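Undergrad: take this sequence and fold it.
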Amino acid sequence: MTDVAASDFRHPSRHVRLDTILRLRWLAALGQLAAIFIVAQGLEFDVPVIPCVAIVGLAALLNLALQIAFDPMQRLEPVYAAALLALNIVELAGLLFFTGGLQNPFSFLFLAPVLISATALPIRFTIALGLLAVACASALVYFHLPLPWDSDDPLVLPPIYLFGVWLSIVLAIGVTSLYAFQVTEEARKLSDALAATELVLTREQHLTQLDGLAAAAAHELGTPLSTIFLISRELEATVKDGPLAADLKTLREQTQRCRDILAKITQLSSSGAPFDRMPLATLIEEVVAPHRDFGVAIKVRIAVAGAREPVGARNPAILYGVGNILENAVDFARQAVEVNAWWNNEIVEIVISDDGPGIAPDILKRIGEPYLSRRPSHDEGERSGLGLGVFIARTLLERTGAKVSFTNRTFPDHGAVVHIAWPRQRFEAAESTGEPTP
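TA: Sure, this is the predicted structure:
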């Protein structure tokens, strides 16, 4: 069963719209202007207004120039977005230089550009911006003008307190940026993996629809082929001798062959097996059949139950999900894979187990996360698995109402065990789209 390459979905190019950066820069400029005039006019502290307003004015002019010169809706390359965020850090450092350095409580705004980068840009740009912010904070410890304060009672902070402020800024940049990056990366992985899941389900549905198209084509082609067959037979009876007789005979035989092929397709369609509904045993056999010739024995056991065998729709999501899990079991098995199924009036369950090395404890707790893989290189001669395919299989099965759990066999036995269980009503009512019923 073909898996979807993780590289088709992972690590897409990360582009931020220019409009997003400009909005943030305008917000920063307005906030800085408000702070300057509140401190200067409202609190009547001695603030170097002219250099501070000059820095904010230059930032505003740059914003205006970017809005005029470029389409605000265009997406910036990561390097240009990082350059604008770096400019924000430098502008803030310039304002803090004139207003007390790290003694200014607004010094914690160094966090903002780094956090934005952690959620929207590659990690290398986030690290570079974090280092720039730390460097600016470090320089402001030694180089800055006095903090605007009451001239009759000036505020003098001890060096140990300033060191604490500097250390808290550094730690906050590192910890919060790392946390924001991890959360955003997990969300991005999940989004990409779900997109891959939808693609797989769409492909499976297309395969099912092709069966229906084949049946329809067989029905439509039957009439013209019958006409060709009758005409060729009459011509063959008329022209008994001569060079055309052999050609007419070949034409009649090939037409009859086409009719036989279409008859088989029509019979296959009328049986309803691939197009309508299928018993649980038929579903398992269809999933197992492609994996029987890989040197691993597959033992199928169907438990005898008092209740009638469940019959469900031929659901591409179930076929792909169970098939992918079985494929992983065959990949890791040493000699044998077991597929056990049983049911009653309440539940339908399939258990797939192998005699391989089992699932590592650290991975066992996280199975179901996208891109979870411990794939060795092919040079080591080992098989690989448990990547995006398991996530897709589990997601598709859970969309049909199944509960999927992964365990290992109890010591001294070894190998992985996967339990797939549906409420019987959900299994028999599941539509071929794989969507959960309300």
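Undergrad: low-scoring stretches of the chain, by residue?
TA: Applying pLDDT under 70 to the chain flags the ranges 1-14, 150-154, 187, 189-220, 242, 262, 264-276, 368-388, 430-438.
Undergrad: can you give me the helices for it?
TA: 18-37, 49-69, 78-98, 111-120, 123-142, 159-238, 243-271, 280-288, 316-332, 361-364, 388-399, 424-429 (DSSP state H).
Undergrad: just put those in a markdown table and tack on mean neighbour count.
TA: Any C-beta I mention is one placed from the backbone N, CA and C, and that applies to glycine too. Shown next, in a markdown table, are those (neighbours: other Cβ atoms under 10 Å):
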| stretch | mean neighbour count |
| --- | --- |
| helix 18-37 | 17 |
| helix 49-69 | 15 |
| helix 78-98 | 20 |
| helix 111-120 | 22 |
| helix 123-142 | 18 |
| helix 159-238 | 15 |
| helix 243-271 | 14 |
| helix 280-288 | 19 |
| helix 316-332 | 24 |
| helix 361-364 | 11 |
| helix 388-399 | 24 |
| helix 424-429 | 17 |
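Undergrad: let's have those in TSV, adding distance to residue 305.
TA: Listed next are these as TSV, based on distance: least, Cβ to Cβ, whole Å:
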stretch	distance to residue 305
helix 18-37	59
helix 49-69	70
helix 78-98	59
helix 111-120	53
helix 123-142	54
helix 159-238	28
helix 243-271	25
helix 280-288	10
helix 316-332	19
helix 361-364	30
helix 388-399	22
helix 424-429	11
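Undergrad: for residue 413, which of these is the nearest?
TA: Across those, residue 413 has its closest neighbour in helix 316-332 (14.4 Å, Cβ to Cβ).
Undergrad: just checking, what packs against the closest one?
TA: In terms of contacts (3 or more Cβ pairs under 8 Å, 6 or more residues apart in numbering; DSSP states H and E), helix 316-332 is packed against helix 159-238, helix 280-288, strand 336-343, strand 347-354, helix 388-399, strand 416-423.
Undergrad: of all the helices of the chain, which lies closest to residue 340?
TA: helix 280-288 (9.6 Å).
Undergrad: if we can go back for a sec, residue 296: which of the helices of the chain is closest?
TA: helix 316-332 (5.1 Å).
Undergrad: residue 170 versus residue 102, what's the distance?
TA: For residue 102, the distance to residue 170 equals 11 Å [Cβ to Cβ, to the nearest Å].
Undergrad: swap in residue 365?
TA: Taken as Cβ to Cβ, the span from residue 365 to residue 170 is 33 Å.
Undergrad: likewise residue 398?
TA: Counting by Cβ to Cβ, the gap from residue 398 to residue 170 is 43 Å.
Undergrad: likewise for residue 301?
TA: Distance from residue 301 to residue 170, by Cβ to Cβ: 61 Å.
Undergrad: same question for residue 397.
TA: For residue 397 relative to residue 170 (Cβ to Cβ), the value is 46 Å.
Undergrad: touching, residue 279 and residue 314? I think so.
TA: No: under the criterion of Cβ atoms under 8 Å, residue 279 is not in contact with residue 314, lying 10.8 Å apart.
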